[in-house]
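**Student:** sequence plus the predicted model coming up.
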Amino acid sequence: MLKDRSKTETGSSSFFSSRKNAEPQPQTRASHGLEQFFASIQDEENLSILDFAGASQANIGFITALGHRIYSNDVVHVMEEMFGTSGDFSSNQAEPEHAAAFLTETFGFEDQSFDGALLWDTLQFLAPPLLDQTVEHLARVLRPGSSLLAFFHAEEKTTSAPLYSYRIVNAKTMSLTPRGVVRPAQYFNNRSLEKLFQKFQSVKFFLTRDHLREVIVRR
């Protein structure tokens with residue numbers, strides 16, 4: 001089992017505005033992207049999976065029950081610590097010292113350490129050039145032929161997007177618990193995502209009814 005450096009799921013910063021009027025209620029829905037991700041590893045054993053959702057018994061239990069190892073890191077919390085405590089969140093990402101610290105905290109692994117990655121919605125909150133550097137590190141730490149799953153908000157003119165904690169229910173279903181509202185760094189359409197992952201083998205899209213673009217990328 002790889003060491004777990006996950007963070008807590010709460011915190012106050014300028015990164016996102018919390019919804020404090022009511023207790024967040026999880027919602028469960030089917031996910032074609034999640035189904036495709038697990039289909040890509042269904043015949044494999046003893047794989048290492050990178051999970052950006054932070055440590056959760058649901059995700060750890062499901063992955064280890066399949067006979068794989070999981071490394072959990074709450075990357076949203078890392079973003080808060082590095083970029084969201086003062087000033088402008090997007091501008092802070094352009095600070096070389098902050099960006100380097102984020103990449104070190106998030107990708108302190110040897111080359112080709114992982115056989116898959118569950119990124120959830122984290123990439124949509126990173127602005128260039130840090131976003132491009134993050135994708136380069138993903139290409140470095142993933143083994144050839146492995147898959148990653150990422151979500152992007154699909155409404156072009158939105159000024160804010162819900163931020164969730166993602167939990168695996170089964171190979172086709174996930175649970176989403178609201179943890180705040182965030183302004184995406186930019187709008188991602190199919191063309192921009194293909195460009196972002198142009199050094200990967202393939203990119204496949206699933207557009208959902210709740211305005212999420214689910215993306216499966218093959219290393």
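**Tutor:** Yep, that arrived.
**Student:** contacting residues for residue 215?
**Tutor:** By C-beta atoms under 8 Å, 6 or more residues apart in numbering, the contact set of residue 215 is 33, 149, 150, 151, 152, 193, 203, 204, 205, 206. From N, CA and C alone the C-beta is placed, and that goes for glycine too.
**Student:** contacts only, for the fourth one.
**Tutor:** When contacts are counted by C-beta under 8 Å, 6+ apart, residue 151 is found next to 33, 119, 120, 121, 124, 212, 213, 214, 215.
**Student:** sort out for me which of those are in helices.
**Tutor:** Among the contacts of residue 151, the ones falling in helices (DSSP state H) are residue 33.
**Student:** which pair of the contacts of residue 151 spans the longest distance?
**Tutor:** Longest distance between any two of the contacts of residue 151 is 14.1 Å, between 33 and 124; criterion C-beta to C-beta.
**Student:** so residue 167 sits against residue 59, correct?
**Tutor:** Yes - assessed by C-beta atoms under 8 Å, residue 167 is found in contact with residue 59 at 6.2 Å.
**Student:** who has more neighbours, these two?
**Tutor:** The neighbour count for residue 167 versus residue 59, taken as other C-beta atoms under 10 Å, is higher for residue 59 (21 against 18).
**Student:** so that one sits in a helix?
**Tutor:** Yes - membership of residue 59 in a helix is supported by DSSP: H, G, I helix; E, B strand; the rest coil.
**Student:** not counting its neighbours along the chain, what's nearest it?
**Tutor:** Nearest non-adjacent residue to residue 59, counting by C-beta to C-beta, 6 or more residues apart in numbering: residue 168, 5.1 Å away.
**Student:** that neighbour: what's it in contact with?
**Tutor:** 34, 58, 59, 62, 63, 174, 175.
**Student:** tell me what it is bridged to.
**Tutor:** Following DSSP bridges, residue 168 is listed with bridge partners residue 174.
**Student:** need the single longest strand in the chain, by residues.
**Tutor:** The residue-count maximum for a strand in the chain (DSSP state E) belongs to strand 142-153.
**Student:** mind listing the strands it pairs with, and their directions?
**Tutor:** Applying DSSP bridges, one finds strand 142-153 paired with strand 114-120 (parallel), strand 212-218 (antiparallel).
**Student:** report pLDDT for the residue most central in space within the chain.
**Tutor:** In the chain, the residue lying closest to the centroid (C-alpha atoms, centre = their mean) is residue 119, at 2.3 Å. At residue 119, the model reports a pLDDT of 98.
**Student:** and residue 113, by the same measure?
**Tutor:** On the pLDDT scale, residue 113 is placed at 98.
**Student:** if we ignore the residues flanking it in sequence, what's nearest it?
**Tutor:** residue 141 (5.0 Å).
**Student:** check residue 151 too.
**Tutor:** Nearest non-adjacent residue to residue 151, counting by C-beta to C-beta, 6+ apart: residue 121, 4.3 Å away.
**Student:** now do residue 131
**Tutor:** Leaving aside its sequence neighbours, residue 131 sits nearest to residue 123 (C-beta to C-beta, 6+ apart; 6.5 Å).
**Student:** and residue 92, by the same measure?
**Tutor:** Spatial nearest neighbour of residue 92, excluding adjacent residues (C-beta to C-beta, 6+ apart): residue 83 at 4.0 Å.
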